[in-house]
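>>> Build me a structure from this.
(chains A and B)
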Protein chains: 2
Amino acid sequence: MGSLDEGHLCVEIEDGMKLGFEKEPETIAIEDAVKVLLLGLGEDVNREGLMKTPLRVAKALREGTRGYKQKAKDIVQGALFPEVGLHDGVGHAGGVGGLVIVRDLDLFSYCESCLLPFQLKCHVGYVPSGQRVVGLSKLSRVADVFAKRLQDPQRLADEICSALQHGIKPAGVAVILECLHIRFPSVESVLLDSKHQGWVKVLVSSCSGVFGNENADAWVDFLGLLKFRGVTMEKILTRDSIKQSWCPSHSSSMNKIPSELVAANPEMVAAVSSILRSLGEDPLRKELAETPGHFVRWLMNFENTKLDMKLNGFTCGITNLLKSNGEVGSCSNEHMHSELNLSFWSQCEHHLLPFYGVVHIGYFCPIGFNHIGKSLLQSIVHFYGFKLQVQERLTRQIAETVSSILGGDIMVVVEANHTCMISRGIEKFGSNTATIAVLGRFATEPAARAMFLQNIPDSTTTTSQTS
Amino acid sequence: MGSLDEGHLCVEIEDGMKLGFEKEPETIAIEDAVKVLLLGLGEDVNREGLMKTPLRVAKALREGTRGYKQKAKDIVQGALFPEVGLHDGVGHAGGVGGLVIVRDLDLFSYCESCLLPFQLKCHVGYVPSGQRVVGLSKLSRVADVFAKRLQDPQRLADEICSALQHGIKPAGVAVILECLHIRFPSVESVLLDSKHQGWVKVLVSSCSGVFGNENADAWVDFLGLLKFRGVTMEKILTRDSIKQSWCPSHSSSMNKIPSELVAANPEMVAAVSSILRSLGEDPLRKELAETPGHFVRWLMNFENTKLDMKLNGFTCGITNLLKSNGEVGSCSNEHMHSELNLSFWSQCEHHLLPFYGVVHIGYFCPIGFNHIGKSLLQSIVHFYGFKLQVQERLTRQIAETVSSILGGDIMVVVEANHTCMISRGIEKFGSNTATIAVLGRFATEPAARAMFLQNIPDSTTTTSQTS
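Predicted coordinates:
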């Protein structure tokens, strides 16, 4: 445990660094690029919610890719401890041959194909040799050095493995990563297809020394201790298959989005290239060639103007539907109806990072009345999701819109995971947020609220990214 | 999201700060005090595993109590965003009255009664007013400012609540903390009583404004969204009951430990008082008066000499027992026996912080032979646990000792949670470690290892602190 490993006294130091950091040319260049992106989305860069967004994005990206400036060797050095093992021929333990595993390290990285953060659980094992063991926290810190770069899962696993092999010089190293990438729902695809849920999950591995190949005995021990995490050799992707199956920006549903969209926004694509350069990357590196286009495609889902146009046709449709179903809210003989777990995706306007989760809507419905279709409510949710948003506003807007259709007694609960709570300094992996909006009877009757809240299923399984 | 909130560029900064930090008088004073504690434990402060321990402890403690130097107000300022709400009389949402909750924030703090870190899950809710909402990450950062001090759960909840009420000026704030404190097993008590497992868990709350009292409607909504976390009003402790039921240093089993132990080590008690002063605390503050004594009591469980003495009588006992049961390992007609989930507590010699978990022991046993009792294996585990240790050595020592009793075919798996992986810079809350030692047939036969590993139950529920 060297002296560079604790993040110590950051707060005091940041204070002193604040001006210097903000004036660095890389920070300013990223800020300028983010302003171009916001303008491309039809946003007013001077509105209060967005004013500090360029600086926030610049800070998050520079912090999130700080691994380029770190060396794994510096971390391991000074954290190797002599530890006697068993005599040769007797067995394996301690400093010789006894497997050491650290499991369930929560990390995040940035996808080099689309520039979005992805979350990962890292399991690392090594077999000591030469009577040397390494401080356990160093396995996590070395993994983090390589996670804090633009990555793909297989290269990340390989780089962690290689750095530990060179730093510790053990009999062997094994690394397994469970990586979770947010899907790329687009406005078009989700309105047509409600199946666009969940995340892309891949399992990759890398190894050296005694872990030599996947049939090595050491692997059996390692996997035996990961069995309850659902990690098996069969589920680990081969090096060939990972490229196609990982980042959703490569998938066919994304390719349906016209490439004219990208061609029509050359200044946005150039801005993302500029960001890559400011992070110390080479935008011409093969794996990064299409990244600016992918990122702009993703962003354009949250374009401002485009979505306003859509609303007009859309509410017309709702009104017509309601007319054919009869008057709403006129009957005193009502019961509460709940529409639960409507999925949503949105983009946090403070950090330009995704937040996503589920929306629950409760309303009172006259008995005998054909209650409003789930797909219609889902459309309203997507409509307000696909914008630069904050969760509080999203909740209110959904409530107001549903109220304008169904009458005044509405309750909306939004449960969300915010990427900005993970892929920035605070790194609160398990946290999630809930917001509530209540109108009419739900505002005045606690019993009505309680009844609706009773219906909401366990969010620890439905909204958690890692479950 | 102000500019001080990201922990940005810490690595580069630490590099430059390294010498300065190590030379600060507070750091040096804590290092000196830790050397006194190590000497009091009968340790050689110059052996390689301990050489950097004083500096590591000083860094961890200063970093872990950095909240004394932070102001919650600085964090919230600049992160308040205008957000329109619903019109008065219509309902509650957005910037007016709509409840906002952040759940499952993992934090750690230091117990002011015993100086050990404790883990907590924080749930925070507030009701916006004046059309202002706060950036979600700020709720976590404000909670962290107060967690990074010497605390007790109720005061921590109160301070978080009060700081948010003053910083955001909302209609009300509610805070619920689920706190987990490691128990205080002592050498004496665990050898007599194997029930000393698990942690002390308490649930505390604090509130202001519309959350006014526990019958307030706003509480119903908040608790409705926490129901799947097992949080109910009935389980929340009252202010009076928390003091007695929290830190195990107050419990009757601790009081069994002779206070002469503390009286006999005045220089250790003085060293802990000196540490409190170096952290900026007043050792004469009422709540801290007994803390040095409690901490020394805890530490003395891991005294070196004392335990060596005990081993002698103890192995004699084992040898006698075996003689009465007949010769071991002579029969070729054997089956594998597993003793699973033997609990252990130990103290990491690199950080002077607890690590704890379970030990699984596999061995071959002649058919018809009365296999060795679980309580004897548990005693061996405790014997090697109650030392300044590293997990790799603990695993090897248990394997070697069991082997000397039962013959050569032994497999030991240790699954542990390390407090030092949580209560320092890397803050990997969910992580845990596993180590393996194999002797004889287990070293040469992968099938034997696999058979034993099959028997090990799901560690994600047995060793996780938070499950």
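>>> Could you list the contact residues of the stretch 101-250 of chain A toward chain B?
Residues of the stretch 101-250 of chain A lying close to chain B (C-beta under 8 Å from any C-beta of the partner chain) are A:101-106, A:128, A:133, A:135-137, A:140-141, A:144, A:217, A:220-221, A:224-225, A:227-229. C-beta coordinates here come from the backbone N, C-alpha and C atoms, glycine included.
>>> Is it possible to mark the buried ones in these?
A:101-106, A:128, A:133, A:135-137, A:140-141, A:144, A:220-221, A:224-225, A:229 (16 or more other C-beta atoms under 10 Å in any protein chain shown).
>>> Narrow these to those in strands?
A:101-106, A:133 (DSSP state E).
>>> In TSV, list those residues along with pLDDT and distance to residue A:286.
TSV is the format used below for those (pLDDT from 0 to 100; distance: C-beta to C-beta, whole Å):
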residue	pLDDT	distance to residue A:286
A:101	97	34
A:102	97	33
A:103	96	34
A:104	96	33
A:105	97	29
A:106	96	30
A:133	94	39
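>>> Assess the claim that residue A:97 and residue A:83 are in contact.
No - when contacts are counted by C-beta atoms under 8 Å, residue A:97 is not listed as touching residue A:83 (11.7 Å).
>>> quick one, which of these two is more surrounded?
residue A:97 (24 against 21; other C-beta atoms under 10 Å in any protein chain shown).
>>> Got phi/psi on the more buried one?
For residue A:97, the backbone dihedrals (degrees, to the nearest 10) come out as phi 80, psi -20.
>>> just the strands in the stretch 51-200 of chain A please.
Along the stretch 51-200 of chain A, the segments classed as strands by DSSP state E, counting those that start in this stretch run A:80-82, A:91-92, A:100-111, A:117-127, A:132-134, A:150-151, A:172-182, A:199-209.
>>> still on that earlier bit, any common contacting residues for residue A:97 and residue A:83?
Shared contacts of residue A:97 and residue A:83 (C-beta atoms under 8 Å, 6 or more residues apart in numbering or on different chains): residue A:128.
>>> Can you tell me which of the ones in strands among the buried ones among the residues of the stretch 101-250 of chain A next to chain B comes closest to residue A:451?
residue A:106 (36.3 Å; C-beta to C-beta).
>>> ok, which stretches of the stretch 351-467 of chain A are strands?
A:353-366, A:388-389, A:410-418, A:432-439.
>>> just checking, what packs against the longest one?
If you count contacts as 3 or more C-beta pairs under 8 Å, 6 or more residues apart in numbering or on different chains; DSSP states H and E, strand A:353-366 packs onto strand A:334-348, helix A:391-406, strand A:410-418, helix A:446-455.
>>> Tell me which of the ones you listed sits most buried.
Of all the helices and strands packed on strand A:353-366, strand A:410-418 has the most neighbours on average by mean count of other C-beta atoms under 10 Å in any protein chain shown, namely a mean of 27.
>>> What backbone torsions are found at the residue located most distally from the centre of chain A?
Distance from the C-alpha centroid of chain A, by C-alpha atoms, centre = their mean, peaks at residue A:89 (47.9 Å). Here is the backbone geometry of residue A:89 (degrees, to the nearest 10): phi 90, psi -20.
>>> who are the neighbours in contact with residue A:274?
Contacts of residue A:274 (C-beta under 8 Å, 6+ apart): A:29-30, A:32-33.
>>> mind redoing it with 7 Å?
Shown in contact with residue A:274 (C-beta atoms under 7 Å, 6 or more residues apart in numbering or on different chains): A:29, A:33.
>>> Dihedrals phi and psi, it?
Dihedral pair for residue A:274: phi -60, psi -40, per degrees, to the nearest 10.
>>> pretty sure residue A:94 is in contact with residue B:393, am I right?
Yes - Residue A:94 lies in contact with residue B:393 (C-beta atoms under 7 Å); the separation is 5.8 Å.
>>> any common contacting residues for those two?
Between them, residue A:94 and residue B:393 share the contacting residues residue A:83, judged by C-beta under 7 Å, 6+ apart.
>>> Count the residues that sit near residue A:73.
With other C-beta under 10 Å as criterion, residue A:73 counts 12.
>>> Spatially, what comes nearest to it if we skip its sequence neighbours?
residue A:167 (5.6 Å; C-beta to C-beta, 6 or more residues apart in numbering or on different chains).
>>> Distance check, residue A:265 against residue A:39.
Applying C-beta to C-beta, to the nearest Å, the value for residue A:265 to residue A:39 is 10 Å.
>>> ugh, wrong one, I meant residue A:274
Using C-beta to C-beta, one obtains 14 Å as the distance from residue A:274 to residue A:39.
>>> Could you tell me how many residues sit around residue A:29?
17.
>>> From what I see, it and residue A:278 are in contact.
Yes - between residue A:29 and residue A:278 there is a contact under C-beta under 7 Å: 4.5 Å.
>>> In chain A, where is pLDDT below threshold?
A:1-20, A:184-198, A:214, A:243-244, A:251-258, A:305-333, A:367-371, A:460-467 (pLDDT under 70).
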